[in-house]
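Undergrad: Just a sequence and a predicted model for now, questions to come.
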Amino acid sequence: MTGQPCPCGSGAEFELCCGPYVTGQAAPKTAEALMRSRYTAYVRENIAYLKETLWPKYQASFDGPGTARWAAESHWTGLKVLETDKGSEDDRDGTVLFEARYLSGGQLNVHRENSRFRKKSGRWYYVEAVPE
């Protein structure tokens, strides 16, 4: 019996991909792994994980109810990683350009973002969207 495929589109099973991250059993080792796990958290409506992986300085102003509403009202249909710059296990920062597709209000939408990630105390965090 095989597990469910991971929502992040890696082709791996959830339990072997983003599962350990969104359940708090492990921390992503790269910026891309964090970005993929954050997408998975939107799919699974794990709002606590989205807040925990946000740069600490921004956690106090995190809009949990708004984020929960957007995650719940959207039917996430796929993630495509377009480009990464740095963000390896040895880096302290990096960016990931991606497109997340979702259905909302009967329309297919694409959220395209170039995300900045930074490592603090050995752990990756999402910092902000940056211009392409």
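TA: Good, I have the coordinates. Numbers count the residues shown, from 1 in each chain.

Undergrad: Please tell me how far residue 51 sits from residue 62.
TA: According to C-beta to C-beta, to the nearest Å, residue 51 and residue 62 sit 5 Å apart. Placement of C-beta: from N, CA and C, glycine included.

Undergrad: Secondary structure element holding the closest residue in space to residue 21 that isn't next to it in sequence?
TA: Excluding its sequence neighbours, the residue lying closest to residue 21 (C-beta to C-beta, 6 or more residues apart in numbering) is residue 37, at 4.0 Å. Using DSSP states H and E, residue 37 maps to helix 31-43.

Undergrad: next structured bit after the strand ranked longest in the chain?
TA: If you go by DSSP state E, the chain has its longest strand at strand 107-120. The helix or strand immediately downstream of strand 107-120 is strand 123-129, counting by DSSP H and E.

Undergrad: Work out the gap between that following strand and the centre of the chain.
TA: Taking the mean of its C-alpha atoms, strand 123-129 sits 10 Å from the chain's own mean (C-alpha atoms, centre = their mean, to the nearest Å).

Undergrad: contacts for it?
TA: Contacts with strand 123-129, where a contact means C-beta atoms under 8 Å, 6 or more residues apart in numbering, come from 27-31, 33-35, 38, 53-56, 58, 87, 113-119.

Undergrad: buried subset of the residues you listed?
TA: Buried residues within those, counting neighbours by 16 or more other C-beta atoms under 10 Å: 28-31, 33-35, 38, 53-54, 87, 113-119.

Undergrad: Next, name the residue at the spatial heart of the chain.
TA: When C-alpha atoms, centre = their mean is applied to the chain, the residue found nearest the centroid is residue 38 (2.0 Å).

Undergrad: picking up where we left off before, list the contacts of the helix holding residue 37.
TA: Contacting residues not belonging to helix 31-43 are listed as 6-10, 14, 17-18, 21-22, 28, 46-47, 49-50, 53, 70-71, 74, 76, 79, 81, 84, 86-88, 91, 93-96, 98, 100, 115, 117, 124-126 [C-beta under 8 Å, 6+ apart].

Undergrad: do the same with stretch 16-25
TA: Identification of contacts with stretch 16-25 by C-beta under 8 Å, 6+ apart yields 3, 6-8, 10, 13, 26-28, 33-34, 36-37, 40-41, 44, 46, 49.
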